[in-house]
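>>> sequence and predicted structure, then a few things I'm wondering about:
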Amino acid sequence: MCLQIQEIIEMHKKGISNLEISQKMNLSSGIVSTKLRPYLRKQKQLVNERIMELHNKGLTNIQISKEVGIRHETVGRKLKQLKRNV
């Protein structure tokens with residue numbers, strides 16, 4: 001992975017906004033978004049897989065939400081979407 005992409009991802013993990021990253025790295029915010037897109041897609045995929053794994057183990061949406069770190073309403077919505085796509 002390119003050093004620049006790694007640096008962008010690390011800043012993103014620290015909670016730095018795309019605009020701030022673009023300013024610090026002298027890039028357009030569009031470039032920052034484009035560079036982050038594959039990483040964010042992978043993270044979303046990993047979260048969805050974890051939600052399904054925990055759901056299949058019989059955990060409630062509230063338990064899953066605490067484990068994954070998102071609201072239980074979001075867990076319910078994601079489960080509905082994931083079940084529809086199966």
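Cool, got the structure. If you're wondering where the values come from, they're calculated on a predicted model, not measured in any experiment.
>>> which helix in this structure has the most residues?
Scanning the chain for the helix with the most residues, using DSSP state H, yields helix 29-56.
>>> can you list contacts of the next helix or strand after that helix?
Per DSSP states H and E, the first helix or strand lying C-terminal to helix 29-56 is helix 61-68. Helix 61-68 has contacts (CB atoms under 8 Å, 6 or more residues apart in numbering) with 47, 50, 51, 54, 55, 59, 71, 72, 74, 75, 76, 79. C-beta here means a position set from N, CA and C on the backbone, and glycine is covered the same way.
>>> mind redoing it with 10 Å?
46-48, 50-55, 57, 59-60, 70-79 (CB atoms under 10 Å, 6 or more residues apart in numbering).
>>> ok so, going back, which of the residues in the longest helix of the chain are buried?
Neighbour-count burial for helix 29-56, counted by 16 or more other CB atoms under 10 Å, picks out 32, 35, 36, 39, 47, 48, 51, 52, 54, 55.
>>> and that helix, what's its mean pLDDT?
Mean per-residue pLDDT for helix 29-56: 96.
>>> chain center to it: distance?
When distances are taken as CA atoms, centre = their mean, to the nearest Å, helix 29-56 is centred 4 Å away from the chain's centroid.
>>> and the gap between residue 67 and residue 60?
11 Å (CB to CB, to the nearest Å).
>>> find the residues that touch each one of those two.
In terms of CB under 10 Å, 6+ apart, residue 67 and residue 60 are both contacted by the residues 54, 75.
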